[in-house]
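**Student:** Sharing a model that was predicted from the sequence below.
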Amino acid sequence: MKPVRFILILLAVGLLVSAFAPVQLSNNVAQKSATSTAHAQSGLDLSLQSPLTIMAGAPALTFVIQAAPSSASAYACSLVSQTPADWTVMGRRQYFDAKWTVKNTGTKTWTTNGIKFRYISGTKMNTNGDYYRLHANVSSGKKVTLVVDMNAPKPYGWYTAVWGLYNGASNFCVVSISIGVWHP
């Protein structure tokens, strides 16, 4: 499930919970969020990826989202760019290259013999296998462009493919491509 959908579902559930069975704000949450101390009557502490406070009507509901521990940063990445952009509309069976430029934000070098770029889930639009090796080592702070030859599906609709960088069986970087197929 995509993080945005997950947060929206949590928000909807949280609003229902706060409307029918308010939860007292814990001291732990109150210390972490100045907003919750001043405005919130109930709260929910979620350990996710980045700080975010969401305020809703009365009673107020505050979500405190914490950053992941820094010790998990040996292998990490950030997405620099992607082509085509998500939600690009393509023709039926149209060939295209999905390209993601990612930056090594971890402390370890991504090696050609240790790191693989693999298909994870979604619509299989790739035309040449489900995994690729890196062509060169990528040291910390450097960027690499990952390219997958793809073919848009024949039926009209919206499609998403999810790929990731793996160190052995451990996934440390996830990217995706979402396209629409609407033209003949």
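**Tutor:** Great, that's in hand.

**Student:** Mind listing residues that contact stretch 175-184?
**Tutor:** Residues from elsewhere that reach stretch 175-184, judged by CB atoms under 8 Å, 6 or more residues apart in numbering: 79, 82, 84, 86-92, 94, 96, 98, 100, 102, 122, 125, 146, 150, 152-164. C-betas here are computed from N, CA, C, even on glycine.

**Student:** rerun that using 6 Å as the cut-off
**Tutor:** The contact list for stretch 175-184 (CB atoms under 6 Å, 6 or more residues apart in numbering) reads 86-92, 98, 100, 152-153, 156-163.

**Student:** now stretch 159-166
**Tutor:** So stretch 159-166 is contacted by 115-123, 125, 153, 171-179 (CB under 6 Å, 6+ apart).

**Student:** Quick one: buried ones out of the contacts of stretch 175-184?
**Tutor:** The neighbour count (16 or more other CB atoms under 10 Å) marks M90, A98, W100, A152, P153, Y159, A161, V162, W163 as buried among the contacts of stretch 175-184.

**Student:** tell me the two of those that are most distant?
**Tutor:** Farthest apart among those by CB to CB are W100 and P153. That separation is 20.0 Å.

**Student:** List the strands paired with the longest strand belonging to the chain, with their directions.
**Tutor:** In the chain, taking DSSP state E as the definition, the longest strand is strand 170-183. Next to strand 170-183 in the sheet, as set by DSSP bridges, lie strand 88-91 (parallel), strand 157-167 (antiparallel).

**Student:** hmm, back to that, ChimeraX command for the buried members of the contacts of stretch 159-166?
**Tutor:** Here is the ChimeraX command that selects the buried residues among the contacts of stretch 159-166 (16+ other CB under 10 Å):
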select :115,116,117,119,123,125,153,172,173,175,176,177,178,179
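
**Student:** so what's the residue nearest to G114 when sequence neighbours are not counted bridging to?
**Tutor:** Nearest residue to G114 in three dimensions, chain neighbours excluded: N167, at 6.1 Å (CB to CB, 6 or more residues apart in numbering). As for beta bridges, N167 partners with I115, S170 under DSSP bridges.

**Student:** do the same with Y119
**Tutor:** Applying DSSP bridges to Y119 yields these beta-bridge partners: W163.

**Student:** per-residue pLDDT, it?
**Tutor:** We have a pLDDT of 98 for Y119.

**Student:** Where does pLDDT dip in this protein?
**Tutor:** Applying pLDDT under 70 to the chain picks out residues 1-72, 184.

**Student:** Can you show me the strands along it?
**Tutor:** Remark: strands assigned in the chain by DSSP E are 42-46, 61-65, 77-83, 88-91, 95-104, 115-122, 131-133, 143-151, 157-167, 170-183.

**Student:** Quick one: residues in contact with the fifth one.
**Tutor:** Looking back up the chat, that one is strand 95-104. So strand 95-104 is contacted by 77-83, 110, 138, 140, 142-143, 145-148, 150-151, 175, 177 (CB under 6 Å, 6+ apart).
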